[in-house]
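>>> Dropping the sequence and predicted coords here.
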Amino acid sequence: MTFRLGLTGSIGMGKSTTAAMFAAAGLPVWDADTAVHGLYRHGGGAVAPITAICSEATSGGSVSREVLKRRIASDPTLLAKLEAIVHPLVAADRIAFLAHTSADIAVLDIPLLFEKSSQAEFDATLLVTSPADLQRQRVMQRPGMTEADFQTLLARQMPDAQKRSLATHIVETLDLAATNAYVISLIAHIRARHA
C-alpha cells in the first residue's frame, strides 16, 4: 500500500522546491496546480464546463487564467462555481495518479490542503513554511506580482500558525541544503515506520 504524504504551504514558502526534492529522491509527486493547468489547456476536461459559465474566459479551446482572475475579481460568485467544476476533476486526476503508482511513498502537492479540510485523505501531511518577510520577498519577485495580488492570495489561505497546528510534519525552508536533508530524513523516517 502506498503511503500518501500530503504536501502543502502558502505561496512563497518553498513548496514547489521541496516537492522537487522529493521527486529528485525518486518519489512520485502529483501536483494539483499542474493538474489544473492540464484541465485548462486545449482539450482539457474543464474547458467546456467553464465555457458554459464564463465564455469570455475560454478561447481556442483553452481557458485563460488571466481572464478568469479578472472575472473572479469582478464577480465573487464565480469562484464557487469554478471550484465546483474544477475540484472534482482535480480529485479524479489525483485518484488516477495513486491508482497507477506502485511506489511505497507518493507525495501529493496540494496548495489548499488544510483550507479544504483534506488532511484526513492522507497518511501524513508536511507543511512547508518560512518567515513572513521571506515569504513576501519570494512572492514579490515573481513576474507581474503586485502587492494587491499578494494580499489577495494571502487572504485566501489559512494563517501559517493554524496550518502548523494541523500538520503532521513541518519544514522551514530557510536553506536549500537543510531542506533537502530534512526531505531525505523524512523519507527514511516514513519508510522505517511504515515498511
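Done, it's in.

>>> Can you show me the helices along this protein?
Using DSSP state H, the helices of the chain run over 15-24, 32-40, 47-53, 65-74, 77-99, 132-140, 147-155, 160-166, 176-194.

>>> Reformat these into TSV and put mean neighbour count and mean pLDDT next to each item.
(Each C-beta comes from the backbone N, C-alpha and C, glycine too.) Converted to TSV, the helices of the chain look like this (neighbours: other Cβ atoms under 10 Å; pLDDT from 0 to 100):
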stretch	mean neighbour count	mean pLDDT
helix 15-24	19	95
helix 32-40	18	95
helix 47-53	16	94
helix 65-74	14	89
helix 77-99	15	94
helix 132-140	15	80
helix 147-155	13	79
helix 160-166	14	92
helix 176-194	14	95
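
>>> Out of the ones you listed, which is closest to M1?
Checking these against M1 by Cβ to Cβ gives helix 176-194 as the closest, at 8.7 Å.

>>> can I see the domain layout of the protein?
1-28+104-195, 32-100 (automatic domain parsing).

>>> Output the helices of the chain in CSV; the columns should cover distance to L126.
Shown next, in CSV, are these (distance: least, Cβ to Cβ, whole Å):
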stretch, distance to L126
helix 15-24, 8
helix 32-40, 14
helix 47-53, 31
helix 65-74, 27
helix 77-99, 16
helix 132-140, 17
helix 147-155, 21
helix 160-166, 11
helix 176-194, 7
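
>>> And those: which comes nearest A120?
helix 160-166 (10.7 Å).

>>> CA-only coordinates of the closest one in CSV, if you can.
Provided in CSV are the C-alpha atoms of helix 160-166 (Å, rounded to 0.1, in the frame of the first residue of the first chain):
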residue,chain,number,x,y,z
ASP,A,160,0.5,29.8,9.0
ALA,A,161,0.1,29.3,12.8
GLN,A,162,-3.2,27.5,12.2
LYS,A,163,-1.6,25.3,9.5
ARG,A,164,1.2,24.4,11.9
SER,A,165,-1.3,23.1,14.4
LEU,A,166,-2.8,20.8,11.8
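
>>> Just tell me which of the helices of the chain ends up closest to T2.
helix 77-99 (6.4 Å).

>>> Mind listing residues that contact that closest one?
Residues from elsewhere that reach helix 77-99, judged by Cβ atoms under 8 Å, 6 or more residues apart in numbering: 2, 4, 28, 30, 32, 35-36, 38-39, 45-46, 49-50, 53-54, 68, 71-72, 106, 108, 116.

>>> repeat that for 7 Å
2, 4, 30, 32, 35-36, 39, 45-46, 49-50, 53-54, 68, 71-72, 106, 108 (Cβ atoms under 7 Å, 6 or more residues apart in numbering).

>>> just so I know, which of the helices of the chain lies nearest A124?
helix 176-194 (7.2 Å).

>>> How about residues contacting that closest one?
Taking Cβ under 7 Å, 6+ apart as the rule, helix 176-194 contacts 3, 14, 18, 21-22, 25, 27, 104-105, 126, 169, 171, 173.

>>> Buried only: go through the residues you listed for me.
3, 14, 18, 21-22, 25, 27, 105, 126, 171, 173 (16 or more other Cβ atoms under 10 Å).
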